[in-house]
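Q: here is my input, please return the structure:
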Amino acid sequence: MAIDFPSAGLTVGQIFTSGALAWQWDGTKWTATGAAGRYIVGCYVPGVPTANQTLLYHRAAKPITLPTNLAGTLAGGGVAATGSTAIVLQQATAASPMTFSTVATITFAAAGTTGTMSTQAAINFAQGDVLRVRGPATADATFADFHLSLVGQET
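A: Numbering: from 1, shown residues only. Next up, the predicted model:
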């Protein structure tokens, strides 16, 4: 649906609202305001990971929140695991970028290729904090081709 903003009676400084977004006219163009953007991080690691292999390092470019149980995140494997396989997500602050705490787990069931996410609560990252994704403590002999699309929200 197209809206002709000038004929709708809107002038500079007025706000048109649509769903969760607010649109504002700055005199030259309409811009979205009032809603946080998505923050998406993806990775693919070919082959069978080794024990405790680092699968991803990511330094947050802006403050973000990962929702409880990583809602919206997708994780998979190209080759199914032989046994239950746990991938951990860890966080380190910008002030101590090599001191990590486990904040979430992605578990692949035996013969599974789709991960199940688990967190205790939403996870907040300040700008500069580091996310590290680590492979299982004991490598699975067949689980391979790990891929992850991690979805957070800018805060």
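
Q: low-confidence bits of the protein, can you list those?
A: 1-36 (pLDDT under 70).

Q: could I get the full set of strands for it?
A: For the chain, the strands defined by DSSP state E cover 15-18, 21-25, 30-33, 38-45, 54-59, 64-66, 74-76, 85-92, 101-108, 116-119, 123-125, 130-134, 146-154.

Q: just tell me which of these ends up closest to residue 140.
A: strand 85-92 (4.6 Å; CB to CB). Where C-beta positions appear, they are placed from N, C-alpha and C, glycine not excepted.

Q: tell me the strands beside the closest one, with direction?
A: Here strand 85-92 is paired, per DSSP bridges, with strand 101-108 (antiparallel), strand 130-134 (antiparallel).

Q: tilt between the shortest one and strand 54-59?
A: On the basis of axes from the mean of the first three to the mean of the last three CA atoms, to 10 degrees, strand 130-134 is oriented at 170 degrees to strand 54-59.

Q: check the first one too.
A: What separates the directions of strand 101-108 and strand 54-59 is an angle of 130 degrees, with the same axes, to 10 degrees.

Q: mind listing what the residue nearest to residue 89 when sequence neighbours are not counted touches?
A: Of all residues not flanking residue 89 in the chain, residue 104 sits nearest, at 4.1 Å (CB to CB, 6 or more residues apart in numbering). Residues in contact with residue 104 (CB atoms under 8 Å, 6 or more residues apart in numbering) are 66, 70, 88, 89, 117, 118, 119, 123.

Q: kindly recompute the last result at 6 Å.
A: 70, 89, 119 (CB atoms under 6 Å, 6 or more residues apart in numbering).

Q: would you map out the domains in this protein?
A: 1-35, 38-154 (automatic domain parsing).

Q: ranking these by burial, who's on top?
A: domain 38-154 (a mean of 16; mean count of other CB atoms under 10 Å).

Q: ends of it, what's the gap?
A: Taking CA to CA, to the nearest Å, domain 38-154 runs 6 Å from one end to the other.
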